[in-house]
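> Could you look at this predicted model? Sequence included:
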Amino acid sequence: MRRIIKGLLWIVFSLIPLALLAGGIGYVWLARSVAPATGEMVLADLSAPVTVTRDKNAVPHIVGSNVDDVLTALGFVHAQERLWQMEVTRMAGQGRLSEMFGDKTVSTDRFLRSLGVYESAVASAAALDPADRKRVDAYVKGINAFINSKGRSFASKYSPEFVILGYKPDEWTAADVIVTLKMMSVTLAANIDQEVFRLKFARLGMTDAEITDLLPPVEGDTPPPMPDLKQLLGLPSGTIKTGALEAEQQFASLNAIMSTGASNNWVVGGARTETGKPILANDPHLGLMAPAVWYLAHLEVRGADGGSRNLVGVTLPGAPLVLLGRNDRLAWGFTNTGSDVQDIFVERINPANANEYQTPEGFAPFQKQPVTIKVKGASDVTFDRLVTRHGPVLPADYRGLDHYLPENTVAALSWTALASDDKTISAGLKLWDFANVTDFQNGMRDFVTPMQSMVIADVDGNIGLIAPGRVPVRDPANRIMGRAPSPGWDATYDWKGTIPYEELPRSYNPAENVIGTANTKMVDAAYPHFLTFDWDEAWRFERIKSLLYGANQQSMETNRKAQGDAYSNAYAVLGPVMLKLIEGRKDVDQAAFKQLSQWDYVEDRNRIEPLLFNAWLRMATKRIVEDDLGEAFPTYWQGRVSAMLRWLGPNPARDWCDDGRTPEKESCGDVLALALGDALKDLDGRLGPDRSKWNWGAVHYAYGAHRPFAQVSPLDRIFNVDVPASGGAFTLDRAKSLFTDESNPYRAVHGTSYRGLFDLADLNRSTYIQTTGQSGNVFSANYRDFAQKWADTQAITIPTDEKAYQDGLLGIWRLKPQ
């Protein structure tokens with residue numbers, strides 16, 4: 001017994017302290033992986049010294065004597081601060097996430113490998129002009145300089161993610177840079193989902209009018225009637241085989257990448273501002289994550305004569321560009337145009353030879369390439385990548401396609417982003433040199449994908465817009481016009497070239513002295529080319545018009561307030577319609593009804609009304625169309641105001657409100673009353689019965705999800721960056737939720753990823769903010785220090801004058817040539 005006691009005492013007084021000491025040492029070693037603010041390093045590929053001065057907000061001011069050296073330093077800084085983020089993006093583009101994360105990402109890898117995203121990046125890198133390739137290579141050398149560096153003593157060289165997962169990065173190549181940009185096209189690709197929806201709805205037996213009720217065009221757009229897809233494609237009738245929903249759910253990690261994009265931008269001409277010079281605003285809407293998508297930076301090339309050239313704004317870690325921002329003479333901002341640059345083609349397989357598919361000229365062989373996906377902790381996954389004359393064949397189970405398509409067919413994808421001559425990066429590298437709006441409009445010719453609506457302003461007072469990108473031309477006899485999968489054996493549906501650059505949408509100093517876009521229809525009836533029929537709902541653009549198009553004497557402050565505007569004009573239209581249908585009913589919670597009736601439709605995070613309405617809209621959508629859509633419902637389930645107005649309106653294409661699963665005939669008032677009860681019950685379960693403690697921000701927070709630790713408890717609480725947020729799906733201050741997320745269908749997973757506001761009277765007064773912080777290392781004080789500022793629509797300045805950013809410097813790195 002005495003021996004046992006002695007043994008226990010030895011453990012308590014010897015082993016436990018040793019374990020605690022080891023843990024403490026390990027913690028310090030890992031915490032020291034944060035990039036030091038001050039240091040020196042020799043980079044063999046530099047031609048002259050470069051300084052990297054981190055200001056009080058951890059924004060680097062990178063100063064060198066030529067562009068190549070500055071880009072090498074940017075690559076080094078990106079790797080210091082955001083290498084994990086860069087690595088996840090490039091591995092996604094290569095279709096190799098499963099080497100890092102195991103079998104959970106096999107479906108994502110299979111999709112991206114099927115498309116051949118990386119192969120197109122390799123070809124596009126080879127197609128670059130020598131001068132542009134030299135600049136890309138300079139940036140890559142900076143990344144690899146960090147990867148190959150020794151690191152400092154008693155510190156992990158890499159951030160905690162690398163250590164926890166036991167992963168070490170390979171050197172980067174130019175193709176990795178190109179695929180990083182191509183992954184932005186993957187993120188912003190939305191049309192493919194609309195095509196799949198229409199295929200599903202047609203397979204369910206819905207008419208063109210019913211499909212239009214579910215996916216209505218924007219006001220003023222008049223798409224031609226769709227042909228009968230069941231007849232055109234040979235879709236079967238009857239019950240859909242089970243398992244479609246399960247097939248879709250395996251692509252959950254891909255859905256996180258392909259979160260549809262949106263954005264606001266506008267430029268106000270000097271005739272409408274206090275200073276007489278333009279003001280430009282931009283806030284791109286993307287999937288929220290930790291660290292943020294963007295990294296703020298100031299790049300400066302300083303000549304021997306003391307003159308300099310500057311770029312300031314947000315960079316994308318993994319790319320040598322200031323994508324959104326300003327140079328010394330102009331500012332620019334992007335929104336996703338949403339042009340239809342994807343078409344799914346249904347290809348018939350030769351019943352006598354499974355290696356062939358039908359073309360207008362007869363059967364032709366698939367191009368076939370064996371693919372192996374290596375999976376961490378599991379066996380390799382192998383498949384054959386097939387390519388047709390239209391493009392790569394999608395995985396059979398992608399979006400459950402094999403449950404809806406005819407037997408003995410496959411779906412192939414045509415997509416401009418898969419071009420082998422994509423020199424989009426070349427357009428970005430020209431931003432150093434543009435002096436005015438006209439230079440910018442003429443200089444985007446190399447821009448291929450994703451098509452963007454770009455507003456521009458220069459210091460001379462000019463404003464303009466250009467929407468560059470490669471957009472397919474479709475045959476006038478093609479009545480589908482990109483809205484649904486097309487028969488691959490009929491040449492009528494093949495692309496007939498692309499819109500010439502000179503004929504892409506553009507504007508220069510318009511009479512109204514303001515230009516704005518928000519992903520909705522941005523051309524009028526006179527525009528001669530087809531861009532898409534799947535524009536975003538117009539609510540945000542209408543709000544921009546109401547705030548800016550008639551206003552004069554505008555200032556940076558009035559435009560900042562517009563960027564942070566949380567008024568939902570969408571709900572201001574829909575809310576009264578829904579409330580009218582339940583007015584006076586005894587089966588309705590009267591307290592909730594009164595609160596909603598008195599709401600001013602501002603989605604303020606401190607108020608209860610936006611919480612009540614969003615919960616009600618969520619449950620109403622479920623009550624109204626779940627019975628009609630069956631297994632197709634979950635992927636369709638989101639706030640759809642224009643569609644809801646049709647369902648509740650006087651002339652819907654079918655009686656959507658009646659629940660076909662019950663013997664009774666329900667009215668719209670019946671289902672809305674039931675849905676409000678559902679909503680209150682749901683909120684009661686999430687927040688407790690005391691409604692005085694309910695508010696929008698309690699469940700509607702910006703969900704900065706870390707990849708992959710958002711899926712790992714308790715690491716999610718350490719690595720995620722969450723902050724209560726105002727706004728919603730249709731407000732200018734956008735913060736969109738995912739209704740299908742049962743864990744929290746109200747948290748914002750998609751929203752304003754960055755706000756830039758540019759004063760052309762003095763570009764140094766321009767302001768910037770992104771969602772989390774500059775560092776990608778969770779141990780850094782700059783990992784989440786922007787989050788509250790962003791939520792409060794505050795911002796920082798990034799002056800180019802060295803004296804102006806000296807106050808409170810974090811440190812200076814000196815990079816020297818060998």
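Noted; the coordinates are in hand.

> start to end distance for stretch 571-590?
Start-to-end span of stretch 571-590 (CA to CA, to the nearest Å) is 20 Å.

> Now find how far off-centre that stretch is within its chain.
Centroid separation between stretch 571-590 and its chain, computed with CA atoms, centre = their mean, to the nearest Å, is 34 Å.

> Now do it: everything it contacts.
Applying CB atoms under 8 Å, 6 or more residues apart in numbering, the contact partners of stretch 571-590 are 593, 596-597, 599, 601, 603, 613, 616-617, 620, 641, 644-645, 648, 668-669, 672-673, 676-677, 680, 728, 730. For every residue, glycine as well, the C-beta is placed using N, CA and C.

> can you rerun that using 7 Å?
With CB atoms under 7 Å, 6 or more residues apart in numbering as the test, stretch 571-590 has contacts from 593, 596-597, 601, 613, 641, 644-645, 648, 668-669, 672-673, 676, 680, 730.

> closest to residue 270 among these?
Closest approach between the contacts of stretch 571-590 and residue 270, by CB to CB: residue 730, at 30.5 Å.

> mind listing what the closest residue to residue 419 other than its chain neighbours touches?
Leaving aside its sequence neighbours, residue 419 sits nearest to residue 448 (CB to CB, 6 or more residues apart in numbering; 5.9 Å). Contact analysis of residue 448 by CB under 7 Å, 6+ apart lists 416, 419, 422, 423, 424, 469, 470.

> does residue 448 count as helix, strand or coil?
Of the three states, residue 448 takes coil under DSSP: H, G, I helix; E, B strand; the rest coil.

> Confirm that residue 371 sits in a strand.
Yes: under three-state DSSP, residue 371 falls within a strand.

> So it is in contact with residue 112, correct?
No: Residue 371 lies out of contact with residue 112 (CB atoms under 7 Å); the separation is 10.6 Å.

> roughly how far apart are the residue nearest to residue 419 and residue 467?
Relative to residue 467, residue 448 is positioned 13 Å away (CB to CB, to the nearest Å).

> what about the helices in the stretch 101-250 of the chain?
106-115, 117-126, 130-147, 160-165, 174-187, 191-203, 208-214, 229-233, 244-249 (DSSP state H, counting those that start in this stretch).

> rewinding a little: which of residue 371 and residue 112 has more neighbours?
Counted by other CB atoms under 10 Å, residue 371 and residue 112 do not tie: residue 112 has more neighbours, with 25 against 15.

> Now do the residue lying closest to the more buried one once chain neighbours are set aside: how many residues are near it, please.
Once flanking residues are discounted, residue 112 sits nearest to residue 95: 4.2 Å by CB to CB, 6+ apart. Residue 95: 26 surrounding residues under other CB under 10 Å.

> Please apply the same query to residue 525.
Around residue 525 there are 8 residues (other CB under 10 Å).

> Using the three-state scheme, assign it.
With three-state DSSP as the basis, residue 525 sits in coil.

> roughly how far apart are the closest residue to it other than its chain neighbours and residue 545?
Leaving aside its sequence neighbours, residue 525 sits nearest to residue 220 (CB to CB, 6+ apart; 7.8 Å). Distance check for residue 220 against residue 545: by CB to CB, it reads 14 Å.

> if you count what's nearby, which of these two comes out ahead?
More neighbours surround residue 545 than the other of residue 220 and residue 545, with 16 against 10 (other CB under 10 Å).

> who does the helix or strand where residue 63 lies pair up with?
Assessed by DSSP states H and E, residue 63 sits inside strand 60-64. In the sheet, strand 60-64 lines up against strand 50-54 (antiparallel), strand 295-302 (parallel) (DSSP bridges).

> any residues touching the shortest one, and which ones?
In this case it means strand 50-54. Counting by CB under 7 Å, 6+ apart, residues outside strand 50-54 touching it are 37, 60-64, 69-70, 73, 77, 809-815.

> Drop anything exposed from the residues you listed.
37, 60-64, 69-70, 73, 77, 810, 813, 815 (16 or more other CB atoms under 10 Å).

> Which parts of this protein belong to which domain?
Residue ranges for the domains of the chain, per automatic domain parsing: 1-31, 37-563+763-818, 569-602+608-694.

> SS state for the residue nearest to residue 112?
With three-state DSSP as the criterion, residue 95 reads coil.

> Then the one 4 residues further on?
At residue 99, secondary structure determined by three-state DSSP is helix.

> count of neighbours near it?
By the criterion of other CB under 10 Å, residue 99 has 16 neighbours.

> Would you check that residue 330 makes contact with residue 456?
Yes: between residue 330 and residue 456 there is a contact under CB under 7 Å: 6.0 Å.

> Please identify every residue contacting each of these two.
437, 440.

> one step back: from the contacts of strand 50-54, which land in strands?
Members of the contacts of strand 50-54 lying in strands (criterion: DSSP state E): 60, 61, 62, 63, 64, 811, 812, 813, 814, 815.

> Give me the neighbour count for residue 38.
Residue 38 has 13 nearby residues by other CB under 10 Å.

> Give me the distance between it and residue 538.
Per CB to CB, residue 38 is found 50 Å from residue 538.

> Please apply the same query to residue 271.
Remark: distance between residue 271 and residue 538 (CB to CB) = 26 Å.

> what do you get for residue 567?
In terms of CB to CB, residue 567 sits 15 Å off from residue 538.

> Residue 323 too?
Residue 323 is 26 Å from residue 538, by CB to CB.

> excluding its backbone neighbours, what's nearest the spatially most central residue of the chain?
The C-alpha lying nearest the average C-alpha coordinate of the chain belongs to residue 286 (CA atoms, centre = their mean; 3.1 Å). Distances taken as CB to CB, 6+ apart place residue 753 nearest to residue 286, at 4.3 Å, with adjacent residues excluded.

> Just confirm that neighbour contacts residue 769, I think it does.
No: the pair residue 753 / residue 769 is not scored as a contact, 10.1 Å apart, by CB under 7 Å.
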